[in-house]
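**Student:** Build me a model:
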Amino acid sequence: MNGATSLHVRSISHRTAPTAVRERAHLTEARAVELMDALSAGSAGGDEATCVSVIPVSTCNRTEIYLEVREGTDPDAVLRAGLQAIGADTELFFGEHALRLDGLRAIAHLYRLAAGMESLMLGEPQITAQLKDAYRLARAHHEPGPGLLRAFQGAFRAGKRVRTETRISTGAVSVAFAAVELARKFFERFDRHGALLVGAGETGALAARHFLQHGIGRLTVVNRSFERADALAAMLREEQLRALAGPDTPGNDDRPAGDRRLQARSDRIVARPWEELGDAIAGADVVLSTTGATEPVILPPMVQSAVHGRHGQPLFMLDIAVPRDIHPDVAHVANVFVFGLEDLDEIVQVNLAARRSQIPHAERLIDEEIEEFRRWLDDIDLRPTVAEFRAYLEDLKDKQVGFVRKKHSPEMAAEVDKSLQQFIKKVLGRSMSTLRAAETPEERRRQLETLRTIFSAEERDPD
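**Tutor:** From the prediction side, this is the model:
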């Protein structure tokens, strides 16, 4: 599509809307594709004269729709038409719970999002993967316009710089993660020890994933409902297989030896019935409990019996349930060390403070990347003409080098080629500087037209 475009985002997130509103705004992958289809050429009023492209991003905490439209087009009218076409709430993204940003403010928001600056947990890295999924989905169905392509690529670069050049993503800032971080300090080799997860709810599943990501040797799940424990264990095994095997590993039973090894690793994740809780404690080195029980479920006699068979090996117990799962007197059992929410919250607060201290550095890096995008945006109208001018100069160079090659040695031709490449680089650099220095858009357009006239195909000497 020719002509200038503008960039916009319409957002519903945890910062602006309650859960009920976010649930109404959520777009499944199929619905996101429907919206992209509706805003593609020839439908929902979003023809090529108005809508260039759209990239929807939808997670548990936010739904954002990034639009690139022709300059002067009303992005809200385009988006309303698309939402109406797929039967979605046409006013949701324009009401009191919506964030509406345009131009560089929209780009700044995207860059901050990719860097974890807008996440519920400051510095949380998962959003980058979610943005990349949305970007890949968009490219697979309707190639985004040049503005959105460049913006998302710049956002990924900005996010990577913030994560690698600051410490904004280091240190546990959730209780589940803090519990696992603390557990890691207990052992020299995490992979030689086993963890027991008591409770198969959302927090337990999160803690289990942290255990596995940090290389725990064995993981056992116990829950009052064995079906829930078994389902969580199965889900975790499948996730481990995908993570360990990578995208190229066959998904059937005819796996080579290396893949069978991965299967064996995933089989270290097991579920046990509630009646075997005492035996499961005895076989674990660290216990993390997070049930919804109204009174303690891990009592002193149970732990004393478990410790008896451990031959003096210490047992570490982490209680992140409210109310507590572990009876207070368990802390008096020999070789048992109990940590509660107070201990973990202290870790979380220290880590959060450390992350917040990185915000000024992260903001500077994001500002640098936004400035790079702004410069790219400023030059977007120059690129077609400059590219054509480059092609013209390259064509002249190739003809001249070909002439030298016929008359002289290959070495001389190579030297001429190198020299002319440097000449082209200087000519293009001077041309871009002159065009950028134009005082008004009208002057820049006149200069571009003059440049096009100089090397226009109709005016070129066929020789």
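
**Student:** which ones are touching residue 317?
**Tutor:** Residues in contact with residue 317 (Cβ atoms under 8 Å, 6 or more residues apart in numbering) are 286, 287, 289, 298, 303, 326, 330, 336, 337, 338, 339. Quick note: C-beta positions are derived from backbone N, CA and C, even for glycine.

**Student:** try 7 Å this time
**Tutor:** Neighbouring residues of residue 317 by Cβ atoms under 7 Å, 6 or more residues apart in numbering: 287, 326, 330, 336, 337, 338.

**Student:** which of the residues in the lengthiest helix in the chain are buried?
**Tutor:** Once the chain is assigned using DSSP state H, the helix that runs over the most residues is helix 410-436. Within helix 410-436, the residues that count as buried by 16 or more other Cβ atoms under 10 Å are 413, 416, 417, 420, 424, 431, 435.

**Student:** can you tell me which of those lies nearest to residue 172?
**Tutor:** Nearest to residue 172, judged by Cβ to Cβ, of the buried residues of helix 410-436 is residue 435 at 51.2 Å.

**Student:** Poorly predicted segments of the stretch 1-150 of the chain, please.
**Tutor:** 1-3, 41-50 (pLDDT under 70).

**Student:** Show me the strands in it, by range?
**Tutor:** For the stretch 1-150 of the chain, strands defined by DSSP state E, counting those that start in this stretch occupy the ranges 5-13, 51-58, 62-70, 99-102.

**Student:** What is the third one packed up against?
**Tutor:** To tie it back to what came earlier, the one meant is strand 62-70. strand 5-13, strand 51-58, helix 75-85, helix 146-165 (3 or more Cβ pairs under 7 Å, 6 or more residues apart in numbering; DSSP states H and E).

**Student:** Just say which of those is most tucked in.
**Tutor:** With neighbours defined by mean count of other Cβ atoms under 10 Å, none of the helices and strands packed on strand 62-70 is more surrounded on average than strand 51-58, at a mean of 25.

**Student:** and the gap between residue 434 and residue 421?
**Tutor:** Note on residue 434: its distance to residue 421, by Cβ to Cβ, to the nearest Å, is 21 Å.

**Student:** same check, this time on residue 371
**Tutor:** 29 Å.

**Student:** Equivalent analysis for residue 5, please.
**Tutor:** Noted for residue 5: a distance of 33 Å to residue 421, by Cβ to Cβ.

**Student:** And residue 341, by the same measure?
**Tutor:** 66 Å.

**Student:** so where's the stretch 201-350 of the chain uncertain?
**Tutor:** Within the stretch 201-350 of the chain, the stretches with pLDDT under 70 are 244-267.

**Student:** those helices in the stretch 101-250 of the chain, which residues are they?
**Tutor:** Under the criterion DSSP state H, counting those that start in this stretch, helices of the stretch 101-250 of the chain are mapped to 104-114, 126-141, 146-165, 175-186, 202-213, 226-245.

**Student:** Tell me which of these sits nearest to residue 193.
**Tutor:** Of all the helices of the stretch 101-250 of the chain, it is helix 175-186 that lies closest to residue 193, at 8.2 Å by Cβ to Cβ.

**Student:** picking that back up, and the strands of the stretch 1-150 of the chain: which comes nearest residue 86?
**Tutor:** Minimum separation from residue 86 across the strands of the stretch 1-150 of the chain (Cβ to Cβ) falls at strand 51-58, 10.7 Å.

**Student:** check contacts around residue 100.
**Tutor:** Applying Cβ under 7 Å, 6+ apart to residue 100 gives the contacts residue 10.

**Student:** How is this structure divided into domains?
**Tutor:** By the assignment in automatic domain parsing, the chain contains the domains 5-168, 175-353, 382-459.

**Student:** Please identify the most buried of the ones you listed.
**Tutor:** Counting by mean count of other Cβ under 10 Å, the most buried of the domains of the chain turns out to be domain 5-168, with a mean of 19.

**Student:** do you know which of the helices of the stretch 101-250 of the chain lies nearest residue 453?
**Tutor:** Residue 453 lies closest to helix 146-165 among the helices of the stretch 101-250 of the chain, at 25.4 Å (Cβ to Cβ).

**Student:** same for that closest one, what does it pack against?
**Tutor:** Judged by 3+ Cβ pairs under 7 Å, 6+ apart, helix 146-165 is in contact with strand 5-13, strand 51-58, strand 62-70, helix 104-114, helix 126-141, helix 359-378.

**Student:** outside of stretch 319-331, which residues touch it?
**Tutor:** With Cβ under 7 Å, 6+ apart as the criterion, stretch 319-331 contacts 175-176, 179, 198, 203, 288-291, 293-294, 296-300, 303, 317, 336, 338, 340-341, 344.

**Student:** With stretch 133-146 instead?
**Tutor:** 1, 5, 29, 32-33, 36, 40, 52-53, 55-57, 68, 152.

**Student:** if you set the cut-off to 6 Å instead, what comes out?
**Tutor:** Outside stretch 133-146, the residues within contact range by Cβ atoms under 6 Å, 6 or more residues apart in numbering are 33, 36, 40, 52, 53, 55, 57, 68, 152.

**Student:** Tabulate those residues (TSV), appending distance to residue 237.
**Tutor:** As requested, the contacts of stretch 133-146 are exported to TSV (distance: Cβ to Cβ, whole Å):
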residue	distance to residue 237
33	30
36	34
40	40
52	44
53	39
55	33
57	29
68	42
152	33
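
**Student:** Report the central residue of this protein.
**Tutor:** Per Cα atoms, centre = their mean, the C-alpha nearest to the average position across the chain is that of residue 128, at 1.1 Å.

**Student:** Show the pLDDT at the nearest residue to it once chain neighbours are set aside.
**Tutor:** In this structure, residue 128 finds its nearest non-sequential neighbour in residue 159, 5.0 Å apart by Cβ to Cβ, 6 or more residues apart in numbering. Looking at residue 159, its pLDDT is 95.

**Student:** quick one, what contacts residue 159?
**Tutor:** Each residue near residue 159 by Cβ under 6 Å, 6+ apart is listed here: 114, 115, 128.

**Student:** where's it relative to residue 150, distance?
**Tutor:** To residue 150, residue 159 is 15 Å away according to Cβ to Cβ.

**Student:** One more: residue 166?
**Tutor:** Relative to residue 150, and taking Cβ to Cβ, residue 166 is found at 24 Å.

**Student:** any idea which of the contacts of residue 159 is closest to residue 226?
**Tutor:** residue 128 (36.4 Å).
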